[in-house]
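S.K.: Give me a model of this one.
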Amino acid sequence: MIEANGRSFTRPGVVLLRKRARFRVSHPPSAKMNTARQTKSAPDGGLILKQFFLASILAGALALPAFAADYTIIAPANPGGGWDQTARSIQTVMQQEGISGNVQVQNVPGAGGTIGLAQFASQSKGNPNALIVGGYVMVGAILTNNSPVTLNDVTPIARLTGEYEAIVVPADSPLKTFGDLVEALKKDPGAVSWGGGSAGGTDHIAVGLIAKAAGVDPTKINYIAFSGGGEALAAILGSQVTAGISGYGEFESQVKSGTLRLLAVSSAERIAGVDAPTIKESGLDVVVQNWRMVAAAPGLTDEQKAAVSTDIEKLVKSASWQETLKTKGWQDTYLAGDAFKEQLAKDISATETVLKDIGLVK
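M.R.: Numbering: from 1, shown residues only. Sure thing, here's the model as predicted:
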């Protein structure tokens, strides 16, 4: 572990070189004198070999890539959900691509990510090796929970991915189509329970918009919030809720295995490789995309912020990350710098309007 410019780094080659150097100077004085006499009188093959070996190590060390920062990423939700998957995907790709030698992920769940956000903002100030993932869900949770800590209290770096919502039911559900679900909702809104992510997040907003488009009072919906994708999935599979809603990637394996039935997706057009109609095809004008971002700690210098931004840019442009997007079914919505700042401000304003429309924010 090496400290430089306030950042922690890992560079094994340098450690090896230092160990070899200490070995060379550990000879007793008599051995040094004998070596000197032998060098003057005749070349020593062993000494030459050692010098060649050390020169090779030095050349290799100098040829190593620049120091790679060691990162800790906060996933502000339980394991299994979208934020956890995003954080662990970043971890894997950063290490595979040599962007970072050591990446750790910590789960800090609760209140739509606002607990993790508050902890991150207070404990990581000025730490250029600390990151947190967040997104649309967090924007809504900050508003609905009236959180004293907002995204203004951290350093947003970039939007990374986008993912459309998927509405599913257990395979043995009597609801065969999205139309069946909407009809049940119209008949008795309270009798249709929806299992999804945090209150005020993308899932909750999507259900509210569906209800509103169907002519149902959004304040009457029966929405059950879970702090992690794993918990929500278990409730859906166990028929503890009528329907489940989340990003398609969180349901994909269960849909393909036949344990869940996919009723609809929230994209404007059908998604390639996904056998399901859009909500719009069912007659409701609803399109929702969840997006996820990465932010750094507050109080960074311009130099530190630039270094983090460079690492994230390397991440999103890598072949490993592009493959991850395909595997997870995530859209590449990378946006950084001032353009992301401006878009984030617009998204926060638009989200507040939607939440007021569906009765989640006054």
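S.K.: At the geometric centre of this protein, which residue sits there?
M.R.: Residue closest to the average C-alpha location in the chain (Cα atoms, centre = their mean): Thr86, at 2.8 Å.
S.K.: Go ahead and confirm it touches Val133.
M.R.: Yes - Thr86 lies in contact with Val133 (Cβ atoms under 8 Å); the separation is 4.9 Å. C-betas here are computed from N, CA, C, even on glycine.
S.K.: anything in contact with each of those two?
M.R.: Shared contacts of Thr86 and Val133 (Cβ atoms under 8 Å, 6 or more residues apart in numbering): Ala75, Arg292, Val294.
S.K.: out of the residues you listed, which are inside strands?
M.R.: Mapping the shared contacts of Thr86 and Val133 onto strands (DSSP state E) picks out Ala75, Arg292, Val294.
S.K.: Contacts only, for the last one.
M.R.: Put plainly, it is Val294. Listed by Cβ under 8 Å, 6+ apart, the contact set of Val294 reads Ile73, Thr86, Ile90, Leu131, Ile132, Val133, Gly134, Ile157, Ala158, Leu160, Ile312.
S.K.: Now with 6 Å, please.
M.R.: The neighbours of Val294, taking Cβ atoms under 6 Å, 6 or more residues apart in numbering as the test, are Leu131, Val133, Ile157, Ala158, Leu160.
S.K.: And the strands in this structure?
M.R.: Using DSSP E, the strands found in the chain span residues 2-4, 7-10, 68-69, 71-75, 103-107, 130-135, 155-170, 193-196, 222-225, 243-247, 260-265, 289-296, 331-336.
S.K.: can you list these in JSON lines and add mean pLDDT and distance to Ala206?
M.R.: Compiled in JSON lines, the strands of the chain are given as follows (pLDDT from 0 to 100; distance: least, Cβ to Cβ, whole Å):
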{"stretch": "strand 2-4", "mean pLDDT": "57", "distance to Ala206": "45"}
{"stretch": "strand 7-10", "mean pLDDT": "62", "distance to Ala206": "40"}
{"stretch": "strand 68-69", "mean pLDDT": "76", "distance to Ala206": "36"}
{"stretch": "strand 71-75", "mean pLDDT": "98", "distance to Ala206": "22"}
{"stretch": "strand 103-107", "mean pLDDT": "98", "distance to Ala206": "24"}
{"stretch": "strand 130-135", "mean pLDDT": "97", "distance to Ala206": "14"}
{"stretch": "strand 155-170", "mean pLDDT": "97", "distance to Ala206": "5"}
{"stretch": "strand 193-196", "mean pLDDT": "97", "distance to Ala206": "8"}
{"stretch": "strand 222-225", "mean pLDDT": "95", "distance to Ala206": "10"}
{"stretch": "strand 243-247", "mean pLDDT": "95", "distance to Ala206": "6"}
{"stretch": "strand 260-265", "mean pLDDT": "98", "distance to Ala206": "10"}
{"stretch": "strand 289-296", "mean pLDDT": "96", "distance to Ala206": "9"}
{"stretch": "strand 331-336", "mean pLDDT": "96", "distance to Ala206": "16"}
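S.K.: Format those as JSON lines; extra columns: distance to Val316.
M.R.: Converted to JSON lines, the strands of the chain look like this (distance: least, Cβ to Cβ, whole Å):
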{"stretch": "strand 2-4", "distance to Val316": "25"}
{"stretch": "strand 7-10", "distance to Val316": "20"}
{"stretch": "strand 68-69", "distance to Val316": "16"}
{"stretch": "strand 71-75", "distance to Val316": "15"}
{"stretch": "strand 103-107", "distance to Val316": "15"}
{"stretch": "strand 130-135", "distance to Val316": "13"}
{"stretch": "strand 155-170", "distance to Val316": "7"}
{"stretch": "strand 193-196", "distance to Val316": "27"}
{"stretch": "strand 222-225", "distance to Val316": "30"}
{"stretch": "strand 243-247", "distance to Val316": "18"}
{"stretch": "strand 260-265", "distance to Val316": "24"}
{"stretch": "strand 289-296", "distance to Val316": "10"}
{"stretch": "strand 331-336", "distance to Val316": "5"}
